[in-house]
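Novice: I'll drop the sequence and a predicted model, then ask my questions.
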Amino acid sequence: MSDEGEGRRIGDPSRDGQQDRPEGFRRVSAELAAQHHAHAPVFLEVAARTSQEAADALGVSIGQIAKSVIFRRRADDAVVLVVTSGDRRVDEKKVAAVVGALARADAGFVKARTGFSIGGVAPLAHVQPPVTLIDRELFRFDEIWAAAGHPNGVFRASPTELVRLTGAPVRDVVQAAVSEPGAALVASPCNSVCRIDERSGWCEGCMRTLDEIARWATLDDADRRRICDALGGRRKQAAAPGSNAQ
């Protein structure tokens, strides 16, 4: 996907001449440049405070918007950032199981701890490093868009690039998707819904690991064939009497 195109309301994507841009946008731009990210942030002609507004402005699906959801960890008041797909809802219980009990974060807390206002929270370049989790549902897409420090700012990346930029782990942190009657289903790598068996670490449907599912879109044919060749053995092992993988 290019930065230009019919139906997209995108501004100047260059890193030059940004001294007049808001401070948060410039901070994200500097961090992306420091990490040698290939795509400079762009400043939209319209504000995109919600995932739907961003998707409409960019001409992409809402699932391709990597939205930032902020919580406050009760134990130490740390910022917890969940970067999730725009068409999914964060499951607070799943997040709490990973990082500890959570509390709501108000606008003042978000601004003070991240340096960004709600509607423009980027997944990187925070004034205080957050505890970050990446939603595995983002790996349904080859290309995603995240906030760049301001409601008008966005930047493009692949899910794998986002993991590299943030150094955050990939987790199952969202509620199960519920399709509306007649709605088109997003193709799943599993037979039905990805459910990871806690004992084996394999998905109960396709027998892949969570890491294999998350990286699938980035793998070449040879790596995909290697994983597929291993699935038959995993199924036999799971079906064996007394197996811990059952």
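Specialist: Now that the structure is in, tell me what you want to look at. Residues are numbered from 1 along each chain as shown.
Novice: for the helix ranked longest in the chain, list the C-alpha coordinates in CSV.
Specialist: Using DSSP state H to define each element, the chain has its longest helix at helix 221-239. What follows is helix 221-239, C-alpha atoms only, in CSV (Å, rounded to 0.1, in the frame of the first residue of the first chain):
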residue,chain,number,x,y,z
ASP,A,221,7.2,-20.9,1.4
ALA,A,222,10.1,-23.0,2.8
ASP,A,223,9.4,-22.0,6.4
ARG,A,224,5.7,-22.6,5.9
ARG,A,225,6.3,-26.0,4.5
ARG,A,226,8.6,-26.9,7.4
ILE,A,227,5.8,-26.0,9.9
CYS,A,228,3.2,-27.9,7.9
ASP,A,229,5.4,-31.0,7.7
ALA,A,230,5.5,-31.0,11.5
LEU,A,231,1.7,-30.7,12.0
GLY,A,232,1.0,-34.4,11.2
GLY,A,233,3.4,-35.5,14.0
ARG,A,234,1.8,-33.1,16.4
ARG,A,235,-1.7,-34.4,15.7
LYS,A,236,-0.5,-38.0,16.2
GLN,A,237,1.1,-37.0,19.5
ALA,A,238,-2.0,-35.1,20.6
ALA,A,239,-4.2,-38.1,19.8
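Novice: which strands and helices sit next to the lowest-mean-pLDDT helix or strand in the chain?
Specialist: Every helix and strand in the chain was compared by mean pLDDT, DSSP states H and E; the lowest is helix 210-215, with a mean of 77. The contact analysis (3 or more CB pairs under 8 Å, 6 or more residues apart in numbering; DSSP states H and E) places helix 210-215 against strand 170-171. Just so you know, the C-beta spots here come from the backbone N, C-alpha and C atoms, and that holds for glycine as well.
Novice: neighbouring strands - and their directions - for the strand it packs on?
Specialist: strand 131-135 (parallel) (DSSP bridges).
Novice: who are the packing partners of the following helix or strand past the strand it pairs with?
Specialist: Downstream of strand 131-135, the first helix or strand assigned by DSSP states H and E is strand 144-147. Using 3+ CB pairs under 8 Å, 6+ apart, the elements in contact with strand 144-147 are helix 51-58, strand 65-73, strand 153-157, helix 159-166.
Novice: rerun that using 10 Å as the cut-off
Specialist: Judged by 3 or more CB pairs under 10 Å, 6 or more residues apart in numbering; DSSP states H and E, the packing partners of strand 144-147 are helix 23-34, helix 51-58, strand 65-73, strand 79-85, strand 153-157, helix 159-166.
Novice: okay, now the nearest residue to residue 69 once chain neighbours are set aside: neighbour count?
Specialist: Take residue 69 and drop its neighbours on the chain: the residue closest to it by CB to CB, 6 or more residues apart in numbering is residue 82, 4.6 Å away. For residue 82, the neighbour count with other CB atoms under 10 Å is 28.
Novice: would you reformat the helices and strands packed on strand 144-147 as TSV and include mean pLDDT and distance to residue 127?
Specialist: Formatted as TSV, these follow (pLDDT from 0 to 100; distance: least, CB to CB, whole Å):
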stretch	mean pLDDT	distance to residue 127
helix 23-34	96	8
helix 51-58	90	23
strand 65-73	96	13
strand 79-85	96	10
strand 153-157	97	16
helix 159-166	96	15
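Novice: dump the residue contacts of the residue nearest to residue 69.
Specialist: Residue 82 makes contact with 67-71, 90-92, 94-95, 98-99, 102, 123, 130-135, 168, 171, 173-174, according to CB atoms under 10 Å, 6 or more residues apart in numbering.
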